[in-house]
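Asker: Can you look at this prediction? I've put the sequence above it.
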Amino acid sequence: MSSRGAEKRVALVKGDGVGPEVIDGALSVLEAAGADLELVPVELGYGRWKRTGAAMADEDLELIKTCHCVLFGAITTPPDPEYRSVLLALRKGLDLYANIRPFSAPGLDFVIVRENTEGMYSGVEKLDEEEATTLRVITSRGSLRIAERACAIASKRGRLTIVHKSNVLKSDTLFLRICRETARRWDLPFDDMLVDAAGYNLVMNPKRFDVIVTTNLFGDILSDVAAGVVGGLGLCPSANLGDRYALFEPIHGSAPDIAGRGIANPIGAIRSAAMMLEWFGEAEKARMIEEAVGWAVASGIATPDLGGCSSTEEVTEAVAKRISV
Ligand code: ATP
Ligand code: MG
């Protein structure tokens, strides 16, 4: 990969825990696929916080904004009540309002589109001895832009399912109305489902879903359920998209329990890199990577989380070789 002058400038945030291990895997596979990227390393996270007292500085965000997108590993949350999440700061700072999480397994293929900037994660909170409150904020602007994203995806994949809890939460009546209006405007097949029923159906009947659109907290929870349904956190990629920037990351966290042992599953990170190539308009390279990953999983070349005995490096090498031949 070239270090200067490429048209695709990527901020590389490996992060903490297994982050660097799985991102190195993704980089090897990108190289094998012939991706021409300019990589800009940015150190953020717990390691950085321990060294300097800040997990991220304003200059970091400025540097990241000189790039087209971010390839992100994972960050450990430091044990400090004053600490503010780096990922949240990036999502806000780059206005990455759409979290796109595709899930696939034999016979299964659906996408969860999660609103990423408001809802229960508004950050409007109060905590004192007697009472603690978190304000759930749903805006028409926020709902409309996520609904538009979801409809664009559903127009290629099938039915849109709007997931909400509007029978209890007034704020969700707004979300539901705007999603319905948007789906009608796109002339798409759509339905809606209460979030509790959606959790049940994801486990019992996941084939019924094509594209789910939902609010921040519900999307967070349902996508971990979905990861379990398709075989594990280590397999699943994600994209965080705004109108200008994007950030690609595996959906798992920094997995401190297995960090440094060379056994982290790199597939979520590798697939996230493929999503990045697709976003850059390199659909053929992205498809090659997906094919190679599917082949490796089907051949049983797998890390221990999938019941295999391969290392991170062995899985990475198998995927990279498959692409090169
Ligand atoms: P964080 O606070 O950074 O989100 P976490 O404690 O929520 O960390 P995750 O990193 O999401 O944990 O991991 C949850 C479980 O899944 C852990 O047992 C971890 O070892 C396992 N896990 C997560 N990612 C992977 C991976 N890439 N390969 C193998 N196992 C993984
Ligand atoms: Mg986690």
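Answerer: Received, thanks. Numbering: from 1, shown residues only. Ligands and ions are numbered 1, 2, ... in the order given.

Asker: hang on, Thr133 is in a strand, isn't it?
Answerer: Yes - counting by DSSP: H, G, I helix; E, B strand; the rest coil, Thr133 is part of a strand.

Asker: need the contact list for the one residue in the stretch 151-300 of the chain that gets nearest to ligand 1.
Answerer: As assessed by Cβ to the nearest ligand atom, ligand 1 sits closest to Gly253 within the stretch 151-300 of the chain, at 2.1 Å. Where C-beta positions appear, they are placed from N, C-alpha and C, glycine not excepted. Gly253 sits next to 17, 74, 76 when contact means Cβ atoms under 8 Å, 6 or more residues apart in numbering.

Asker: go on, Leu127?
Answerer: No contacts exist for Leu127 under Cβ under 8 Å, 6+ apart.

Asker: for it, phi and psi?
Answerer: The phi/psi pair for Leu127 (degrees, to the nearest 10) reads phi -140, psi 120.

Asker: distance of it from ligand 1?
Answerer: 21 Å (Cβ to the nearest ligand atom, to the nearest Å).

Asker: who does that residue bridge with?
Answerer: Beta-bridge partners recorded for Leu127 (DSSP bridges): Ala132.

Asker: Need the per-residue pLDDT for it.
Answerer: pLDDT recorded at Leu127 is 93.

Asker: How about Ile289?
Answerer: Reported pLDDT for Ile289: 98.

Asker: likewise Val70?
Answerer: Val70 carries a pLDDT value of 98.

Asker: For it, I want the exact helix or strand it lies within.
Answerer: Using DSSP states H and E, Val70 maps to strand 69-74.

Asker: tell me what whatever helix or strand comes next after that strand is packed against?
Answerer: Going down the chain from strand 69-74, the next helix or strand is helix 86-93, by DSSP H and E. If contacts are counted by 3 or more Cβ pairs under 8 Å, 6 or more residues apart in numbering; DSSP states H and E, helix 86-93 sits against helix 58-64, strand 69-74.

Asker: in the first one, what counts as buried?
Answerer: Neighbour counts over helix 58-64 (16 or more other Cβ atoms under 10 Å) mark 60-61, 64 as buried.

Asker: Stretch 272-292 now?
Answerer: Applying a neighbour-count criterion of 16+ other Cβ under 10 Å, one finds 272-280, 282, 285-286, 288-290, 292 buried in stretch 272-292.

Asker: likewise stretch 182-191?
Answerer: For stretch 182-191, by 16+ other Cβ under 10 Å, it's 182-183, 186, 188, 190.

Asker: and if you look at stretch 306-322?
Answerer: For stretch 306-322, by 16+ other Cβ under 10 Å, it's 306, 308, 310-312, 314-320, 322.

Asker: Same question for stretch 250-264.
Answerer: Using 16+ other Cβ under 10 Å as the test for burial, stretch 250-264 gives 250-255, 258-259, 263-264.
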